[in-house]
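> Just a sequence and a predicted model for now, questions to come.
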Amino acid sequence: MVRAEAYDGTWNVVFATQRGNCSSNNSVPFTVTGTRVSSAGGGKVTGGIGPGGNVSVRISVSASVASGSGRLAGNSGAGRWSGIITGDKCSGSWQATRS
């Protein structure tokens, strides 16, 4: 079992839209500290990560809100997201890399 602290650091997360009329790619930096996920700049980010790398987050920027879940492993991660982005319902995938 990997400890939650193994994921500490700043992660750059790129969100790819696969459904809906939203920007095709958006990037948001996250900070992981222990079991908490927070913003490293660019909106409000809340969430958590388990010792196995399973992560769930909620992001709000102005009138846009999205939720995502997935898994981190080593210095990368991936998952799915969905939300309301500037009034449009969108969803897609995300990829993360630790800097």
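Happy to help now that I have it.

> any chance you could map the strands in the chain?
For the chain, the strands defined by DSSP state E cover 9-19, 25-33, 36-39, 44-49, 54-61, 64-73, 76-85, 88-98.

> which residues are in contact with the fifth one?
Read that as strand 54-61. 7, 28, 30, 37, 42-49, 65-72, 77, 79, 83 (CB atoms under 8 Å, 6 or more residues apart in numbering). (Each C-beta comes from the backbone N, C-alpha and C, glycine too.)

> If we use 6 Å, what do you get?
37, 43-47, 49, 66-72 (CB atoms under 6 Å, 6 or more residues apart in numbering).

> Separate out the buried members of those residues.
Val37, Val45, Gly47, Ile49, Ala66, Gly68, Gly70, Leu72 (16 or more other CB atoms under 10 Å).

> related to what we said a few turns ago, okay, the contacts of strand 54-61 in TSV with pLDDT and distance to Arg19 next?
Putting those into TSV (pLDDT from 0 to 100; distance: CB to CB, whole Å) gives the following:
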residue	pLDDT	distance to Arg19
Val37	95	24
Gly43	81	21
Lys44	90	24
Val45	92	22
Thr46	94	24
Gly47	96	22
Ile49	94	26
Ala66	93	13
Ser67	96	15
Gly68	96	14
Ser69	98	16
Gly70	98	17
Arg71	97	21
Leu72	96	24
